[in-house]
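S.K.: Need a 3D model of the sequence below.
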Amino acid sequence: MRQITKDSVQTMFDNRKMNKQNMSVSDGVMRLHGNAIAWFNDSENPGQKRKTITLSDGGWQTVTTKERLNGILDHLNLGHIFQKDFVWYYSPGSGCVKPFGGSMEIRL
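M.R.: The predicted structure follows:
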């Protein structure tokens, strides 16, 4: 994993700001080339508040986007995204594989 990925992920989870090369992180949003690829959500359910994070390819399924998203998944120990025959898939690590579909929400 590239150092900029490690720095971006740690900055996001520490709720700090960063603007370095093609990455920026602020207000709980990670951006690659200005496109939001990950952000925290607070959703209210009756009697319960939960926090989630949304991972998105931002419309650009590139090697760099996949690496940044995998940096977050690695930080959370929640599997990885991979590509096969030009299609992205998510594997939570238990042998299960699901099409990525452009975005996903993860409950924290």
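S.K.: For the rest of this, base every contact and every neighbour count on C-alpha atoms.
M.R.: OK.
S.K.: and the longest strand seen in the chain, what does it pack onto?
M.R.: Assignment by DSSP state E gives strand 35-45 as the longest strand of the chain. For strand 35-45, the packing partners by 3 or more Cα pairs under 8 Å, 6 or more residues apart in numbering; DSSP states H and E come out as strand 29-32, strand 48-56, helix 63-76.
S.K.: switch the cut-off to 7 Å
M.R.: Helices and strands touching strand 35-45, by 3 or more Cα pairs under 7 Å, 6 or more residues apart in numbering; DSSP states H and E, are strand 29-32, strand 48-56.
S.K.: Now the shortest one: average pLDDT?
M.R.: Averaged across strand 29-32, the pLDDT comes to 97.
S.K.: returning to what we had before: make TSV from the helices and strands packed on strand 35-45 and add distance to L76 and mean neighbour count to it.
M.R.: Conversion of these to TSV gives the following (distance: least, Cα to Cα, whole Å; neighbours: other Cα atoms under 10 Å):
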stretch	distance to L76	mean neighbour count
strand 29-32	15	21
strand 48-56	11	15
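S.K.: Make CSV out of those strands and add distance to T11.
M.R.: As requested, the helices and strands packed on strand 35-45 are arranged in CSV below (distance: least, Cα to Cα, whole Å):
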stretch, distance to T11
strand 29-32, 9
strand 48-56, 15
